[in-house]
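Asks: predicted structure and sequence below. I'll ask about it afterward.
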Amino acid sequence: MDGVELQILWSNMIGIVSEQARALQRIAFSPIVREAGDLANGLFDARARMVAQAVTGTPGHINSLAAAAANLLRHVDADTLRPGDVLITNDPWMSAGHFFDITVLSPIFRGEKLIGYAGSTIHHTDIGGYGIGSGARDIHEEGLWIPVLKLYEAGVRNETLFAMITRNVRTPDALLGDLGAQVSSGMIAAQRLNALCDRYGLDDIESLADEIIDRSETATRESIRALPGGTFHGETTFDVPGGDRITLKTAVTIDDKAGEITVDFAGSSGRSPRGINVVPAYTQAYATFAIRSTLNPDLPNNAGSLAPIKLTLPENCVVNATYPSPVNARHVVGMYVPFPILNALSQVVPDKVVAEGSGAVWTVQIQGRDADGRAFTSSMFNYSGGMGARAGKPGISAVCYPTGVSAVPVEVLEAAYPIVFTCKELERGSGGAGAQPGGDGQRIGFRMRTTQPWLLNTVPSRLNEAPQGLAGGGPGRPGQFLVNGKPVVLSGKTDMKAGDEVMMITPGGGGFGALKAAKVA
Amino acid sequence: MKKYSLAVDIGGTFTDAVLLADDGRTFVDKTLTTHGNLLEGFFRGVGLVLGHAGIEPGDVNDVVVHATTVVTNALIERKGPPVGLILTKGFTDILYIRDEHRYDMYDPQIEFAEPLIPRERTWALDERVLADGTVEKAAREAEIAAIARECEARGIQSVAVSLINAYRNGANEALVAEVFAREAPEIFVSLSSEIAPQMREYLRTSTVAINAYTVPITRPYLNALIAELDRQGFSQQPLIMLSNGGVIGAGRAGTLPVRMIESGPAAGALVACYFSRMFGLPDLISFDMGGTTAKACMIQNHVPLVTGTFEVDRRYRFKPGSGMPITVPSIDMIEIGAGGGSIAWVDELGLLRTGPESAGSIPGPVCYSRGGIEPCVTDADVVLGILDPDRFLGGDMKLDAAGARAAIGRLGARIGLTPEQTAWGIYEVVCEQMAAAARTHATDRGVDYRGLPMLAFGGAGPVHACLVADLIESKQVIYPPLASVLSAFGTLVTPAQIDLVRSQLGPIESLDPAAARALVGQMTEEGTAALTEAGLATADIGFVFGADLRYLGQQSELRIELPFDPRQGLDTAAMRAIFDREYIAQYGLKLDDMPIELVNWHVTARGRLPERATAHVSKGGSRPAPRSRIVHFRGKPVETTVYSRAELMEDDVIPGPLIVEERETTIFVLPGWTVRLHPNGSLVADKMTEH
């Protein structure tokens, strides 16, 4: 295939995954999918290699999904799949690291021939069990575990499975609606892929996939070969709900002959009793993200561009979760995975990295009864702190890095749940000083419109350990979590009284480069 | 007595003027846009067409319609006077926080534009409305008055007000307007509850901020226009084209500049509606390709699809998310960075790409010889032989074919292709890019694009339309006359129209019919007021009603047209039936037990369709023998017939490959298609059926 033919097929394929993602986002019920964009879509070839991904989503989801198709097909013989089959799982080790994320994989047939898969992962509102937060003591307390099963078999709903799911979650309508959106977006992708094959007279997409994946891998290896070889060290320290300090250490080895990078997490904190342990796939997701977005953000993200990046994980390690460790709030550690890698890479490509920022988004979920006594469980919603500064640009205020999710608008939340926000503004001056200052965090306050007690599940981080600057830049300011004006240490679900007011102050990002000394007059 | 109507479309590069007489004669001209003072170009263009017709300003006794880029320019240049912003206390950083979205996950270097109204000119108002419309804390007059005085002292001419949940209850905002009117009457106040009464605080605030920012530029501009038209002896008040494809009086438009942003492109889409009626084709795709971008719009049942939100002034690599969002009714257009000036390049994977970087008109493509060194889409068109380097703009501008070939050769060498293969590659890639965008856009909206006829215009549109059509399985391409001034023409074949949206949240079964009647009643009154100001008689105003619906708990809505007038009662069974049907069309499923929720009412107030005749075709006679030249089609040289547009006769059916040249553009028709001249002056290319 020449560079013209391939480009034409490739742009078609990108079109398909974008359509798939947009359909998913528009049909979805939960604010977290529609407003926050917490989803991933990918198209896989018949060998379960991710070929193309939608440009929406989060690294945690998209890069986990990249591996999910192959994981699922270790449990289902691909030769037994028939048109109309749809696979499902929320197994943390097979997809995105906690039960909330359900992965749906739809085989795509051209006539009788299996030519690929459409996959999606979205964060569902509720999955039973503990709910949002890190308080469960083992994984079984965290909710419903759906092994790899057929959600549809030859187009027929698996009623047993639907009944099982419906009875085991708090918000079955939202879950079934969002699951329907996933199935429907898979159907759209299947139609579009067949239309593409019709248009260009293809029997399958194997040679197209080979070309794209091979070229992506070659380009990635080339960009690594252009770096100096060696091992570079980086580390980051942060605190998680409950106040525990976590340290992630990385040795980033650049093999400039093979064009490979290996990230070794030896020396990082061990397994945690709280639900913040990260499964290897999720660690891999954020590690590859850090490297790919630093070296060549414009390259497509697929099996080829991900292949040259390898991980070494020690046995007892917070980013190598093993059964039955709880994993529910794995993002509060997982979203810090990029920072020790970026610190290491700052010794190699200082102009391309980002200083430490607030890291994980702060997530919130509320449960209770409204003024009329009706029970509600909100979708998870999240807020960012400040992003770290770049060598040539300041950090951006109130955006999350490494993830890319949006905040649900105040007005959407207030219309959906009995919540009232008292403020949502920048925490000015919270970004670290520097030649390029870090981005500012935010100050977000809320209370409930109810006369009943309510439950707060929230996952803040960096309440003590400040995001560090780079190259002489100052640290950002750590966050604060206040109830009725007083700092509280939360480690799990918290019982709240009717009139309680919550104030969350998210951390600022670190600065980049020393602040120029003021001129002496 | 003859009737004359006049239209002027000010675009980024050219100002187009069209004078239409009711006997079908049309006078057109183009002049360069005068960015220092847009009205200079306006009246130069007007002078030219009046001169062609030999008439005086006083003879223009039908409408004067204007589409303009003044608002977009104001936003991009950001040289406007200081503007203030009043927000709810505790929420004063809405424009800084946006939606917290990092629009490109992989690129750590992204940037956002500075907020249009900075924090230094933002005031916090101690007030609060809750989501159900309850006023938890009423705004206090004394506090507002103090802000008004401060604004006045700081020389602020215009203020935006966007209070939390004001889409639900605008009482506190209304009080701000009232107190300002009393305390600082010369300050113009834009209320979010009037400009964009919809949920989502950032979208609404961004929209009202844009309105407030552009009022001090747009109002004086339109007032000067009114005054100068009057001074020159025109008897008509000008009408202004809005982004939704309607026109309203210039006086009112000056207070709603945020609705004028896509005024020119909207006019282009309306031309497509006009031709869809003329050809009796209810559904078609308009395709307008110029120097830096291409735009397409779906016409369904003779009207363009509309959208609620779009973005202006994308700051970082043209990426969606890097601009400012706007939520006002607008014609739903696909805009992609693919035009004649789009630069071709080879990416890290060795794939040939075009755009979004553009050489624009300066330095422009290599063949313009204005200093451009990077190969562009137009250079490829020259190398292929589709464009004649000696006849570009009727021969007024000689193109450097050798330079273009050398630049494309350098690019092709990197991926092992000859200059001609590379040029065809560029041609094909840019067409596929447009086709892919059209496919996504259409299916996103539940439209089956396959087989839809296409209307092609703009300088580069007719050059590429046939292949784009082929790629979206279209069977027919229409090349209208006056292609180069078509948007201006579009404003003259458009009824006066205003679209209004108001939120009323709740399951349809439990909606309060009285509240619906009151809300929709307000909207029809507002629409009537706007259109009577534009000179319409009340009896000529009609309404179309619509609603945004979703399943309870969903976050995104489907817009449906209502078969009833909500002021006369609510037919919830019909609402459910239409919603279910649309939902299946878009998503392939419906959810039977799920309650349906209303989010917004829509009212379109519209005047009657103007009846302004056009066209003219010379019949019979003999024409000179056609010329021919080599076109490098799919890497092979193919002898291709070349006509001038004026040489074609009504009974001709000419097979492709074929080139038809006119002054401002060139039509290229592929093998397998035939071309005929329609009595209305359009050329029509039809795909031959395969045997």
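Replies: Structure received. Because the structure is a prediction, the values reported are computed rather than measured.
Asks: ok now do residue B:682, which residues does it touch?
Replies: Residues near residue B:682 by Cβ atoms under 8 Å, 6 or more residues apart in numbering or on different chains: B:275, B:279, B:478-481. For glycine as for every other residue, the C-beta is placed from the backbone atoms N, C-alpha and C.
Asks: neighbours of the closest residue to chain A within the stretch 351-500 of chain B, just the number please.
Replies: When scored by Cβ to the nearest Cβ, the stretch 351-500 of chain B has residue B:425 as its residue closest to chain A, at 3.5 Å. The local packing of residue B:425 (other Cβ atoms under 10 Å in any protein chain shown) involves 28 other residues.
Asks: three-state assignment of residue B:350?
Replies: coil (DSSP: H, G, I helix; E, B strand; the rest coil).
Asks: list the contacts of it.
Replies: Counting by Cβ under 8 Å, 6+ apart, residue B:350 has contacts A:3, A:215, B:414-415.
Asks: can you tell me which of the contacts of residue B:682 are in strands?
Replies: Secondary structure defined by DSSP state E assigns B:478-479 of the contacts of residue B:682 to strands.
Asks: domains of the chain?
Replies: I'll assume chain A. A:3-215, A:354-521 (automatic domain parsing).
Asks: switch to chain B, that's the one I care about
Replies: B:4-75+B:220-260, B:80-219, B:342-428, B:497-606.
Asks: so among the contacts of residue B:350, where is pLDDT lowest?
Replies: Minimum pLDDT for the contacts of residue B:350 is recorded at residue A:3 (86).
Asks: count the neighbours of that residue for me.
Replies: Using other Cβ under 10 Å, residue A:3 has 25 other residues around it.
Asks: now do the one 4 residues further on
Replies: Residue neighbour count, defined by other Cβ under 10 Å, stands at 25 for residue A:7.
Asks: quick revisit: in TSV: the domains of chain A, plus distance to chain B.
Replies: Formatted as TSV, the domains of chain A follow (distance: least, Cβ to the nearest Cβ, whole Å):
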stretch	distance to chain B
domain A:3-215	3
domain A:354-521	3
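Asks: closest to residue B:397 out of those domains?
Replies: Closest to residue B:397 of the domains of chain A is domain A:3-215 (Cβ to Cβ; 29.0 Å).
Asks: for residue 483, what are its contacts?
Replies: You didn't say which chain, so I picked chain A. Taking Cβ under 8 Å, 6+ apart as the contact definition, residue A:483 lies against A:496, A:500-503.
Asks: ah, no, chain B please
Replies: Per Cβ under 8 Å, 6+ apart, neighbours of residue B:483: B:456-458, B:461-462, B:662, B:664-665.
Asks: quick check: residue B:297 vs chain A, distance?
Replies: Per Cβ to the nearest Cβ, to the nearest Å, residue B:297 is found 18 Å from chain A.
Asks: before we move on, the earlier item: what's the closest of the contacts of residue A:483 to residue B:10?
Replies: Nearest to residue B:10 among those, counting by Cβ to Cβ, is residue A:503 at 50.7 Å.
Asks: that closest one: helix or strand, and which one exactly?
Replies: strand A:502-505 (DSSP states H and E).
Asks: just checking: what are the partner strands of that strand?
Replies: If you go by DSSP bridges, strand A:502-505 pairs up with strand A:441-448 (antiparallel), strand A:480-483 (antiparallel).
Asks: can you pull out the strands in the stretch 351-500 of chain B?
Replies: Ranges of strands in the stretch 351-500 of chain B, per DSSP state E, counting those that start in this stretch, are B:352-358, B:454-457, B:476-479, B:497-507.
Asks: host element of residue A:182?
Replies: Applying DSSP H and E as the criterion places residue A:182 in helix A:172-200.
Asks: just checking, what packs against that helix?
Replies: In this structure, helix A:172-200 packs against helix A:3-27, strand A:39-45, strand A:86-89, strand A:101-110, strand A:113-123, strand A:149-153, helix A:159-167, with contacts taken as 3 or more Cβ pairs under 8 Å, 6 or more residues apart in numbering or on different chains; DSSP states H and E.
Asks: next, the buried residues of that helix.
Replies: Judged by neighbour count (16 or more other Cβ atoms under 10 Å in any protein chain shown), helix A:172-200 contains these buried residues: A:172-190, A:192-197, A:199.
Asks: narrow the contacts of residue A:483 to just the buried residues.
Replies: A:496, A:500, A:502-503.
Asks: quick one: which of the residues you listed is nearest residue A:157?
Replies: residue A:496 (39.2 Å).
Asks: partner residues bridging that closest one?
Replies: Residue A:496 has these beta-bridge partners by DSSP bridges: residue A:454.
Asks: shouldn't it be in contact with residue A:454?
Replies: Yes - assessed by Cβ atoms under 8 Å, residue A:496 is found in contact with residue A:454 at 5.0 Å.
Asks: overlap of the contact sets of those two?
Replies: Listed as contacting both residue A:496 and residue A:454 by Cβ under 8 Å, 6+ apart are residue A:448.
Asks: just how off-centre is the helix or strand that contains residue B:29 within its chain?
Replies: Taking DSSP H and E as the definition, residue B:29 sits inside strand B:26-32. For strand B:26-32, the distance from its own C-alpha centre to the chain's C-alpha centre is 21 Å (Cα atoms, centre = their mean, to the nearest Å).
Asks: farthest-apart pair in the contacts of residue B:682, please.
Replies: Using Cβ to Cβ for every pair in the contacts of residue B:682, the one that comes out farthest apart is B:279 and B:481, at 13.3 Å.
Asks: neighbour count for the two, which is higher?
Replies: residue B:481 (22 against 18).
Asks: and the residue nearest the centre of chain A, backbone torsions?
Replies: By Cα atoms, centre = their mean, chain A has its centre lying nearest to residue A:60, at 2.9 Å. Dihedral angles of residue A:60 (phi, psi; degrees, to the nearest 10) stand at phi -60, psi -40.
Asks: contacting residues around it?
Replies: The contact partners of residue A:60, taken as Cβ under 8 Å, 6+ apart, are A:96-97, A:282, A:285-286, A:331, A:334-335, A:403.
Asks: worst mean pLDDT among the domains of chain B?
Replies: When I compare the domains of chain B, domain B:497-606 is least confident, with a mean of 85.
Asks: and stretch B:331-346, is it in reach of chain A?
Replies: Yes - with Cβ under 8 Å from any Cβ of the partner chain as the criterion, chain A is reached by stretch B:331-346 at residue B:346.
Asks: can I get the CA coordinates of that stretch in CSV?
Replies: C-alpha atoms of stretch B:331-346 as CSV (Å, rounded to 0.1, in the frame of the first residue of the first chain):
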residue,chain,number,x,y,z
ILE,B,331,-27.0,26.3,10.5
ASP,B,332,-25.2,23.0,11.2
MET,B,333,-22.1,23.1,9.0
ILE,B,334,-19.2,20.8,8.7
GLU,B,335,-16.1,23.0,8.5
ILE,B,336,-12.8,21.3,7.8
GLY,B,337,-9.4,22.8,7.2
ALA,B,338,-9.2,21.7,3.6
GLY,B,339,-9.1,24.4,0.9
GLY,B,340,-7.0,25.4,-2.1
GLY,B,341,-4.3,26.8,0.1
SER,B,342,-4.1,23.7,2.4
ILE,B,343,-0.5,22.5,2.6
ALA,B,344,0.3,18.9,1.7
TRP,B,345,2.8,17.0,3.8
VAL,B,346,4.1,13.6,4.7
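Asks: before we move on, back to that, any idea which of the contacts of residue A:60 the model trusts least?
Replies: Checked by pLDDT, the contacts of residue A:60 have residue A:403 as the lowest-scoring entry (86).
Asks: if I pick it, what's in contact with it?
Replies: Residue A:403 touches A:58-60, A:331, A:335, A:361, B:102, B:105, counting by Cβ under 8 Å, 6+ apart.
Asks: make it 7 Å
Replies: A:58-60, A:335, A:361 (Cβ atoms under 7 Å, 6 or more residues apart in numbering or on different chains).
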